[in-house]
Every structure is written in structure tokens, then in C-alpha cells.
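1. 3D model of this:
(2 chains)
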Amino acid sequence: MAQTRTAVPASRLDAELARRLMGQMLLVRRFEEKAAEMYALGKIGGFLHLYIGQEAVAVGASSAIRPDDYAIASYREHGQCLAKGSDPRRVMAELFGRRDGLSKGKGGSMHLFDKSVNFLGGHAIVGAHLPLAAGAAFAIKYQGGDQVVVCYFGDGAVPEGEFHESMNLAALWKLPVIYLCENNRYAMGTAIHRALAQTEIWRFAETYGIPGEAVDGMDVLAVRECVGRAVERARRDKTPTLIEVRTYRFRGHSMRDPAGAVYRTKEEVEREKQRDPIQVFTDKCLKEGVLTEAEIKAMEKSAYDLVDEAVAFAESSPEPPPEWLFTDVYKD
Amino acid sequence: MAVMTYREALNLALREEMHRDPRVFVMGEEVGLYDGAYKVTQGLLKEFGDKRIVDTPICESGFTGVGIGAAMLGLRPVIEMMTFNFSILALDQIINSAAKMLYMSGGQYNIPIVIRGPGGPAAQLAAQHSQSMEVYFYHVPGLKVVRPSTPADAKGLLKSAIRDENPVIFIEAETLYAVKGEVPEDPEYTIPLGQAVIRREGTDVTVVAYMGMMYRALEVADELAKDGISMEIVDPRTLRPMDTETIIGSVRKTHRAVVLEAGAGFAGMGSEISAFITENAFDDLDAPVVRVTGENAPMPYARNLELLKTPSKAKIAGAIRGVCNA
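-> The predicted structure is shown next:
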């Protein structure tokens, strides 16, 4: 399917980088599988949107930015938050609605925020965080910094006015922001061709006179390189970029739609699963000899352990006390 | 003290706060090169440059969101709505992003932003440009809502709003921009948010009113004084948080209350004020609380119909006489 538009030499895959990318993708995958289990057990409530199938996007993108750069995302943001460096224990505790959650249990799955790693939050009104990302980039420029903002959003946000307002402002004011569209082909149950007159999302960049690229979201290294180029442009001369990452969610839109079976065929889902980003990367690492099967097995085990630990931490964290209903409404 | 217009008082507040704090910037439609649609930002571009006085294209949701995002990183934006009616296009950003960010983030990200501009009935601006917009905001936990009636309040309250750590909705009025009054020149002059003021002391009836309605109440008070009715006028100034204590204290003294409101009355500010007076001072009341509000219709253009839409002096005076004779 998708390819990067600009041919660039593949970055050298060393063992350390491979371990980091593989470790994070395995962690996100295991975290999400476990979250689904916990949801089924009634430990997690509300809406739960899983990232399974899209791991290479957040992991690849996060590997191309610095810790002091910023990230902001929609409500399908567990992966982006973990990849930015948040403690899985505190993420799980937030999903459980416990006091040690990132947002003290007041945000939940859709509103993970972590100031300690410059994660500007999960936002659950489609398109609304795109202007916020431009604002963060505006502040960086205002303060004379050289950080960048990576803004993750889905293809469902593209028809929203705020996508176009944000692209226009970012281009007009030259803001150091990377708009990273995770095109998983479905806005809830609406296929992209039923929602967009222009389904090649990266082409909207041309309208606003900024660089645009499409990249294979099942290839973690391709995502890393593509985002890396955008980061370089943003840092060097405050040029924003629109990236369309072509990915696929293996699960439904949320746990209310676990299989995602009404609006897409089983054959399609099975076909896409053949391009599982973890399998694609595993094959590459084995083929290039940077990781061994034993090493990958050990990393899987480690991801399982980290997630089990996260669940134990969340279980043991108390519920937020009643008086917290009224705290954090206003800051003194 | 210096005598200046309400517009000049706002301008002074902006200038003083921008000198005081380099994090403060102004953003909105026509705030820079055009000097402000209503000239509130006159001269600021020249004084502070285009880094801090930022003209935007017409995209209320977009630039309000930019302000909120910038506030997350520690800046202190003042976003101008050319008229507050346009804030409807930015309601999602204000309500879902600005008001709830501190809460959703468990206290990590506060949003110190001021969103300001004129609102309420003006002069034949018709249905889409004459709304009393405060009703859309004071319902929302996380927002503060200010309606400053005088030049001194405009300055003192805007400065407090800019220094506040929370999102503040600051709604001025086209009809008040040219009103003159004494304004303290002290750059440290501020008025705390959430503090009402008694505009006129009286003994027979408490009249709660702000903005244009407050001035109308002052005129009615002169008229009714001739008939021996002594009105006490309380101006809440901040609608959220509201200084209920001052209002209830006044009602305990006068035993009667009339609430004025320019906007349509159904589920309006008057409903809330009369509810808390009744809940907290029922035993002190000698008569039911009466609301005098705008009619439940959109604002018409025709001058005669427009005059019928907003409470007239005669209507206000009649209601007050009625309460005092009850």
C-alpha cells in the first residue's frame, strides 16, 4: 500500500534501536490486550479505544523526537502516552479510575495527561486538539525554544473545520508542529471514501503550501524516518508538516464494537493482520540479524511482566477520595 | 484618578499588564493593524509589535484553541472576540478544552486565558449581534465570567482576569465603550473577581443589575426616590463566582428583591439569582422575588421592536413599585 513519497536511505538498524522500538511496541500491544481483559472484567469503565495494530505509529514517531518535545493526541492515546515515556502503572491506574492515575482518576482512558513527559493530553472531541497543538507550537516559538509538537489525530478529524483552521494557521505563522494523521481507514464505522472527497489525506498539505508525506504505518522504521524529516524541518526553520500514516486498527472502534465487523469484512481484517507491525518488524530484525528469536521472546516476557505490574499497581491504588470531586476545578 | 472612557480603561489595563508580564499577548481578528474593531486595542501593535499583538484570520475556534494550547505551555493569552456573538464558533474550545483541562488532567494543566469582547444588546445590530452571551458560559464549572459595568471596573477586573490562573470570560458592551468615569491610574489597581459592589445604597428594595441594566436602574432610582421608594442597587460584576453574600446581605436589609436582566429570561441569570435569594433569605422576604428580563424573542432590527425587546425604564419602575407595594 502506502509508500513514502521521498526516497531516503533507510536508517541503520542497530541492536539498541531495534530493542527500543520492539520493546515499546510489545509493551503497547500487551498493555492494550490487558486493558481489553480488564474492561471485560468491569475494572475499566466508559469508552475504551484500543491501539492494537497501530503501535508502529506512536512508537516510530516518538523515537524521532526529544524528551523535551511535546505530543498531543485524541482519545485513542494509550500508545502515544506510553511511547512518550509515561509510567504504564500510572496509565493503567488512570484507566481503573484510581488516585495514582496520571490524572488522579478524573480523566480516564480518553484523557491521559502527563506533564512530566510533555504529553499534552488525550482529547475526546474529534479535531479539537489540532488548534491546541498549533497553540503549543506558537508558545514554543514565542518563547524562543527549538522544541516541536507532534499532534496525532485520526482520519475522522480531517473533515472537521478545525483540521483546516489549524493547517492554515500553522502554515501561515510557520509553527513547529507535525500534524500526524493516523489513517486507519475508518472514522468509527465510516470508511474514509464515505467521509472525504479527497482520500489522499497528505495532499491537503499542498493546499496549505507545506510539506506533506504519506508513509506505511505498519513499518516502524518508515514512520520513524518520515517523522524524523518533519522534525528536522520544524526544528530548523519552523516548517510544519502534514503526515498521513497509513495504518489499520485490528480491533473495533471501541469496546462497544469489539470486532469492528459491521462496516468492514472479515477478509479485510484478516488480510491487514498479515501486516501486523510487530510481525513486520520481527521479520526484519531476524532477517538482518540485529535481534535473535530468544531476545524477542525475552522482550515479550518483559512486556507481560511490566503490564502485570501495572495492573497490580492499579488494583492496589485507592479510589480518589470524595473531596477530590471539587478539587482541580479552579486553580488558586 | 483620571477621567477616561470604558474603552480607554480596557486599553490601559492591557498595556499595563503587557508591560508587567512578557507572557501576556493579545490575539484576535483586527486587533493589530486595524487597531481593534472597537478600538480597544488601539496603539498596542505600535507599542508591542506583532509578536505580542497577533492579527488572526477569521477562525474563532482555531485561534481560541491556539490561545488555549499556548496557555498550556505557560503563556497568558488575551483572546479578543470581535463581538462575543462570534464566541459561539469557539464554544467547544472554551467549554471542552479551556474549562475542563485542569480537571481532566488532575491538576496538571491550568489555562490562564482571558477571552474578551463586547456582547449584549447594542443599537439595531439585529438577532445575531445582540445576544447576552454570558448565559452560555456561567453554567460551566471551570470558567469565570465577568461583566464589568464601569470604566474603573473595566480596568480593575480585566487586570485581575489576566492575572488569574483560570479561563476568564470577560464580556464588555458596545453601548458602554464611550461611557466616561474616574479610573485609578495606579498600575497595581485591581478588583478581585467574585466581588459585587453596591452602586447605590437604599432601604426599601434590592435591585440586582449589571451593564446597561445597571445604568437604567440608577435612572429609575432617581425617579422612584421622588415617590419615597429607596432602591439599593447591587452590581454583581462577576457572575461566576458570584458574590452571593453581598446580594443576600442587601436583601436581608431591604426585604425585597428585583433582578434585572437584558437577555431573555428563561433559564437566565435572573433565574439563578432569584433562586439563591429565595433559598437563602426566604424568611427575610416581604414579597416574592421579581425578575424583569428581556423578552423571549430574538433581537429584532426595527427600532421600535428593538425597544420592546429589552426591559424599559417604565417596565423596571413598574415592577419595583409592584414589589414595594406588595
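
2. hey, let's count contacts and neighbours off CA atoms from now on
-> Will do.

3. I'd like to know how far residue A:121 sits from residue A:181.
-> Distance from residue A:121 to residue A:181, counting by C-alpha to C-alpha, to the nearest Å: 16 Å.

4. Residue B:326 now?
-> Distance of residue B:326 to residue A:181, computed by C-alpha to C-alpha: 66 Å.

5. Looking at those two, which one has more neighbours?
-> residue A:181 (24 against 10; other C-alpha atoms under 10 Å in any protein chain shown).

6. Quick check, pLDDT for that one.
-> pLDDT for residue A:181: 98.

7. Look up how far chain B lies from it.
-> Separation of residue A:181 from chain B (C-alpha to the nearest C-alpha, to the nearest Å): 18 Å.

8. Touching the host helix or strand of that residue from outside, list them.
-> For residue A:181, the element it lies in under DSSP states H and E is strand A:177-183. Strand A:177-183 has contacts (C-alpha atoms under 8 Å, 6 or more residues apart in numbering or on different chains) with A:57, A:130, A:133-134, A:137, A:148-155, A:170, A:217, A:227, A:230-231, A:234, A:238-248.

9. Surely residue A:253 is within a strand?
-> No. Counting by DSSP: H, G, I helix; E, B strand; the rest coil, residue A:253 is not found in a strand; it is coil.

10. What count of nearby residues applies to it?
-> 21.

11. Grab the nearest non-local neighbour of it.
-> residue A:188 (5.2 Å; C-alpha to C-alpha, 6 or more residues apart in numbering or on different chains).

12. That neighbour: neighbour count?
-> Counted with other C-alpha under 10 Å, residue A:188 comes out at 16.

13. what do you get for residue B:192?
-> Neighbourhood size, residue B:192 [other C-alpha under 10 Å]: 16.

14. Within the sheet, what are the partner strands of the strand holding residue A:181, with directions?
-> Counting by DSSP bridges, the strands paired with strand A:177-183 are strand A:149-154 (parallel), strand A:241-246 (parallel).

15. Go ahead and name everything in contact with the last one.
-> The set of residues external to strand A:241-246 that reach it, using C-alpha under 8 Å, 6+ apart, is A:2, A:57, A:177-185, A:201-202, A:204-205, A:210-218, A:223, A:226-227, A:230, A:234.

16. got a pLDDT number for residue A:6?
-> 46.

17. got it, and residue A:2?
-> 38.

18. One more: residue A:156?
-> Looking at residue A:156, its pLDDT reads 97.

19. Selection in ChimeraX covering whichever of the contacts of strand A:241-246 are buried, please.
-> Entered in ChimeraX, the line below selects the buried ones among these, by 16 or more other C-alpha atoms under 10 Å in any protein chain shown:
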select /A:57,177,178,179,180,181,182,183,184,185,201,202,204,205,210,211,212,213,214,215,216,217,218,223,226,227,230,234
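
20. Which ones among the contacts of strand A:241-246 map onto strands?
-> Among those, DSSP state E puts A:177, A:178, A:179, A:180, A:181, A:182, A:183, A:212, A:213, A:214, A:215, A:216 in strands.

21. The residues you listed: which two are farthest apart?
-> Pairwise distances across the ones in strands among the contacts of strand A:241-246 (C-alpha to C-alpha) peak at 20.4 Å, for the pair A:177 and A:216.

22. Where does the stretch 151-300 of chain A get nearest to chain B, residue-wise?
-> Going by C-alpha to the nearest C-alpha, chain B is nearest to residue A:165 of the stretch 151-300 of chain A, at 5.4 Å.
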